[in-house]
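Enquirer: Sequence plus the predicted model coming up.
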Amino acid sequence: MVALLLVAFAPMAYFGLQDLRMAQGSLAEEAVRLIFLNSMIRSKDIERAFINAQADIKNLRHGYAVTSLMEAARDRPEDTMFWTELVEREFMRFLYNKRGYSAAGLLDEYGDEVVAVYRSGNRITALENIRKRNHVTSSHFVEAAKQKGLGVAAITMQAIVPQDVNLSSVTLTRYATKVFDEKGAATGIIYLDLNGSEVMEGLSRMSLENRRAAALVTHEGKYLFNPFMEKKATHSTLFAMEKENINAAYPRNVSRQILSGRTGIIYDDPNALFAYAAVFPEPDDRSRFFVVYDRYPRELMRPEAGVINRKYALGAVGALALAVLVAIGLSQALTRNIRTLRKGVERFADTREGSGKIVIRSGDEIEALAEAFNTMAESLTEYGQSLEKKVGERSQKIKEVERKLMEAEKMAAIGFLSAGVAHEINNPISVVVTRLELIRRAVDKGEIEKAKKDLKVVTHHALRIGRIAGNLLTFSRSKPGDMSSVDLNDITRRVLDLIDYPVGKKGIALKSDFDEDIPFVWANAAGMEQVIYNIVFNAFQASEKGAVITVATARKGKEMVDLRISDTGPGMSEEVMAHLFEPFFTTKEVGQGTGLGLSISYGLVKDFGGTISVESQPGAGASFTVSLRSAFEAMKNPTKGVIADA
């Protein structure tokens with residue numbers, strides 16, 4: 001009766017426990033979704049303010065009055081007063097229309113203040129000449145001077161904002177950039193102060209769908225805005241009082257992840273869930289940034305979890321009572337022989353071995369059924385053992401054949417590329433030899449400057465030879481292995497550098513269009529090199545002189561990255577495309593291909609968790625698209641075959 005009761009109740013208990021865990025997990029998932037979306041939305045609002053600031057200072061820099069003033073200050077001092085008043089009025093009008101800025105100014109090439117306009121409460125005032133000073137050692141002058149060309153420097157002006165100070169009244173970031181004359185010579189520095197009004201709005205704006213605020217800290221962990229301090233704790237661990245620095249408020253592993261300069265979620269803290277997103281005032285400078293983060297205390301989930309637990313506890317009690325009633329009824333109806341038969345069947349199901357025979361001496365159909373089951377169990381055991389052995393042997397042979405085929409494809413590619421590399425480095429070697437002879441002669445004649453110029457040419461071509469040979473060496477040494485976060489653009493450039501010479505020699509144009517903002521992808525670098533080479537090589541073989549092969553990368557939504565390889569070759573019919581990724585299928589002449597390149601590429605991309613597709617029509621070329629998961633998305637979903645990295 002006890003065994004029958006367990007058989008009846010165990011499935012209900014198992015599935016009930018699974019439902020309970022799913023219900024409890026859904027509470028945490030909903031909380032994570034809430035704070036992650038809040039952090040991302042707030043960070044994007046702040047990032048938009050930074051982007052607008054860079055656009056505004058660039059517009060001011062190119063103003064006619066600004067450039068005219070800087071030229072007058074340098075070449076026509078008598079016109080300086082006129083242009084100064086004009087620029088002051090232009091800056092004052094700008095601050096009046098743009099409430100998000102607290103000051104704008106102009107320094108000459110020696111750091112002297114030429115124009116300074118600032119906001120004081122509701123007034124906008126130009127700085128008097130007597131109060132102007134030299135800023136040659138100021139951080140905004142120094143950082144702007146370091147910028148190359150039209151670059152814009154972003155300088156953090158506030159390391160920490162006390163809780164009793166309104167962020168809207170604080171200068172958060174100063175943007176500074178060079179001013180140039182019509183000949184392209186730098187004549188001074190223009191700066192623009194971004195106050196915290198738009199940042200404050202992005203952090204605290206509420207809507208019907210989003211009622212949560214978010215905190216803002218610097219890359220050093222110092223608070224600029226902290227709405228959690230205004231919360232009143234009702235429990236000892238709820239909304240713990242935070243210090244001025246986030247490193248003192250949370251455990252080290254939590255603060256370290258929040259200040260990592262990335263976007264992510266923290267699950268493993270016992271007290272709260274966290275979501276964070278980094279915002280960079282200057283996109284090219286990854287060392288200084290702000291972090292928007294939100295948290296959800298786990299104690300807030302306990303009331304709802306308690307309701308769910310009570311609900312499932314009552315269900316479990318009811319299911320147990322029902323199972324007891326059913327077990328009592330069945331135990332009285334079933335015979336001892338049936339119980340023996342059932343135990344024998346369960347034993348075979350657990351062990352998959354037919355050695356333990358069911359012995360029943362009842363002289364009826366139950367005994368015949370037991371004998372038939374014993375015979376079947378023995379046959380299944382023998383067949384299973386034989387099948388497992390054959391499957392193991394075949395699997396090992398298939399893996400060995402696949403490995404050898406991949407090595408053969410790799411060796412063929414290396415042989416093809418080596419010939420091209422040999423031709424490609426021949427010219428720079430000739431140049432190096434010639435220039436060395438010229439250097440020897442120049443040294444003999446004492447013409448040192450001429451020797452230096454020739455030496456620069458030698459260095460340039462030697463580096464080129466090293467890069468070409470290095471790319472081939474990397475391609476030949478690497479073997480598919482574990483997956484990691486890799487730069488798709490860098491891998492693609494390396495393969496294209498190797499195949500550029502034979503493609504050009506055939507009269508085919510090789511073009512590239514890389515999206516530099518795509519994230520890293522989850523793949524194996526060596527495997528990805530093989531995929532790119534196989535597809536480009538197929539396009540090369542299919543195309544004739546005058547054709548164009550285009551390789552492009554682009555972001556596909558938030559989670560995927562596309563690699564698109566297109567050619568203007570003869571194209572393919574639907575019948576050919578239906579068999580394109582099958583092993584040993586080829587449309588090439590005998591000796592021109594094995595038919596394994598695209599099949600191997602398909603398997604590699606599938607192992608990366610991606611997809612590969614093709615579009616083509618006869619006479620209209622072909623286009624292959626490889627879609628790969630971004631590394632962030634892959635690590636965020638460990639159930640898809642990767643290891644999550646908090």
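Expert: Alright, I've got the coordinates. Numbers count the residues shown, from 1 in each chain.
Enquirer: What distance do you get for residue 557 to residue 519?
Expert: Distance of residue 557 to residue 519, given as CB to CB, to the nearest Å: 12 Å. C-beta coordinates here come from the backbone N, C-alpha and C atoms, glycine included.
Enquirer: more crowded one of those two?
Expert: For residue 557 against residue 519, the residue with the higher neighbour count under other CB atoms under 10 Å is residue 519, and the figures read 18 against 10.
Enquirer: Report the backbone C-alpha coordinates of stretch 439-448 in PDB.
Expert: Below are the C-alpha coordinates for stretch 439-448, written out as PDB (Å, rounded to 0.1, in the frame of the first residue of the first chain):
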ATOM      1  CA  ILE A 439      70.800  54.100 -47.600                       C
ATOM      2  CA  ARG A 440      74.300  52.500 -47.900                       C
ATOM      3  CA  ARG A 441      75.200  55.000 -50.600                       C
ATOM      4  CA  ALA A 442      73.700  58.000 -48.700                       C
ATOM      5  CA  VAL A 443      75.700  57.000 -45.600                       C
ATOM      6  CA  ASP A 444      78.900  56.800 -47.700                       C
ATOM      7  CA  LYS A 445      78.200  60.300 -49.000                       C
ATOM      8  CA  GLY A 446      77.300  61.600 -45.600                       C
ATOM      9  CA  GLU A 447      73.700  62.400 -46.600                       C
ATOM     10  CA  ILE A 448      72.100  61.500 -43.300                       C
END
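Enquirer: in that stretch, what counts as buried?
Expert: Neighbour counts over stretch 439-448 (16 or more other CB atoms under 10 Å) mark 439, 442 as buried.
Enquirer: So for it, mean pLDDT?
Expert: When pLDDT is averaged over stretch 439-448, the result is 75.
Enquirer: do the same with stretch 516-525
Expert: 87.
Enquirer: Please apply the same query to stretch 621-635.
Expert: On average, stretch 621-635 scores 84.
Enquirer: Now that stretch: buried residues?
Expert: Neighbour-count burial for stretch 621-635 flags 621-635 (criterion: 16+ other CB under 10 Å).
Enquirer: And for stretch 508-516?
Expert: Those would be 508, 510, 514, for stretch 508-516 by 16+ other CB under 10 Å.
Enquirer: contacts for it?
Expert: 489, 492-493, 496, 499-500, 503-504, 540, 543-555 (CB atoms under 8 Å, 6 or more residues apart in numbering).
Enquirer: Not counting its neighbours along the chain, what's nearest residue 126?
Expert: On the basis of CB to CB, 6 or more residues apart in numbering, the spatially nearest residue to residue 126 that is not a chain neighbour turns out to be residue 88, at 4.4 Å.
Enquirer: Shouldn't that neighbour be within a strand?
Expert: No - according to DSSP: H, G, I helix; E, B strand; the rest coil, the state of residue 88 is helix, so it is not within a strand.
Enquirer: Relative to residue 95, how far out is it?
Expert: Following CB to CB, the distance that separates residue 88 from residue 95 is 11 Å.
Enquirer: Mutual contacts of those two, please.
Expert: Applying CB under 8 Å, 6+ apart, one finds that residue 88 and residue 95 are jointly contacted by residue 117.
Enquirer: in the sheet, who's paired with residue 564?
Expert: residue 552, residue 625 (DSSP bridges).
Enquirer: Show the pLDDT at it.
Expert: At residue 564 the predicted local confidence, pLDDT, stands at 92.
Enquirer: Next, the contact list for residue 246, please.
Expert: By CB under 8 Å, 6+ apart, residue 246 lies in contact with 217, 221-223, 255, 258-259.
Enquirer: Kindly provide the distance from it to residue 293.
Expert: Summarising the geometry, the distance separating residue 246 from residue 293, computed by CB to CB, is 8 Å.
Enquirer: anything in contact with each of those two?
Expert: Shared contacts of residue 246 and residue 293, defined by CB under 8 Å, 6+ apart, are found at 217, 258.
Enquirer: Hmm, residue 203 is touching residue 214, no?
Expert: Yes - counting by CB atoms under 8 Å, a contact exists between residue 203 and residue 214, whose distance comes to 5.5 Å.
Enquirer: between these two, what contacts are shared?
Expert: Taking CB under 8 Å, 6+ apart as the criterion, residue 203 and residue 214 both touch 42, 227, 292.
Enquirer: Using TSV, lay out those together with distance to residue 367.
Expert: Rendered in TSV, the data for those read as follows (distance: CB to CB, whole Å):
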residue	distance to residue 367
42	75
227	78
292	75
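Enquirer: Would you reformat the residues you listed as CSV and include secondary structure?
Expert: Supplementary listing: the shared contacts of residue 203 and residue 214 in CSV, determined by three-state DSSP:
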residue, secondary structure
42, helix
227, helix
292, strand
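Enquirer: filter these to the buried ones?
Expert: Of the shared contacts of residue 203 and residue 214, these count as buried by 16+ other CB under 10 Å: 42, 292.
Enquirer: Confidence-wise, which of the shared contacts of residue 203 and residue 214 comes last?
Expert: Ranking those by pLDDT, residue 227 lands last with 80.
Enquirer: and it, what does it touch?
Expert: 203-204, 213-215 are the contacts of residue 227 under CB under 8 Å, 6+ apart.
Enquirer: and residue 282, how many residues sit next to it?
Expert: Other residues near residue 282 number 21, with proximity taken as other CB under 10 Å.
Enquirer: helix, strand or coil for it?
Expert: Recorded secondary structure, residue 282: coil (three-state DSSP).
Enquirer: now do residue 59
Expert: Taking three-state DSSP as the rule, one finds residue 59 in the helix state.
Enquirer: For it, give its distance to residue 180.
Expert: Relative to residue 180, residue 59 is positioned 14 Å away (criterion: CB to CB).
Enquirer: What of residue 499?
Expert: Taking CB to CB as the measure, residue 499 falls 41 Å from residue 180.
Enquirer: Among the two, which residue is more densely surrounded?
Expert: When residue 499 is set against residue 180 and neighbours are counted by other CB under 10 Å, the residue ahead is residue 499, at 21 against 17.
Enquirer: Now that one. Its backbone dihedrals?
Expert: When quoted as degrees, to the nearest 10, the phi and psi of residue 499 stand at phi -90, psi 0.
Enquirer: related to what we said a few turns ago, just the buried ones from the contacts of stretch 508-516?
Expert: Neighbour counting over the contacts of stretch 508-516 (16+ other CB under 10 Å) leaves 489, 492, 496, 499, 503, 540, 543, 547, 549-553 as the buried ones.
Enquirer: wait, is residue 103 part of a strand?
Expert: Yes - judged by three-state DSSP, residue 103 forms part of a strand.
Enquirer: and it, how many neighbours does it have?
Expert: Other residues near residue 103 come to 20 when the count uses other CB under 10 Å.
Enquirer: The one 5 residues further on too?
Expert: Around residue 108 there are 19 other residues, counting by other CB under 10 Å.
Enquirer: Contact partners for the spatially closest residue to it that is not a sequence neighbour?
Expert: Leaving aside its chain neighbours, residue 108 sits nearest to residue 188 (4.6 Å; criterion: CB to CB, 6+ apart). Shown in contact with residue 188 (CB under 8 Å, 6+ apart): 70, 73, 106-109, 114, 178-179.
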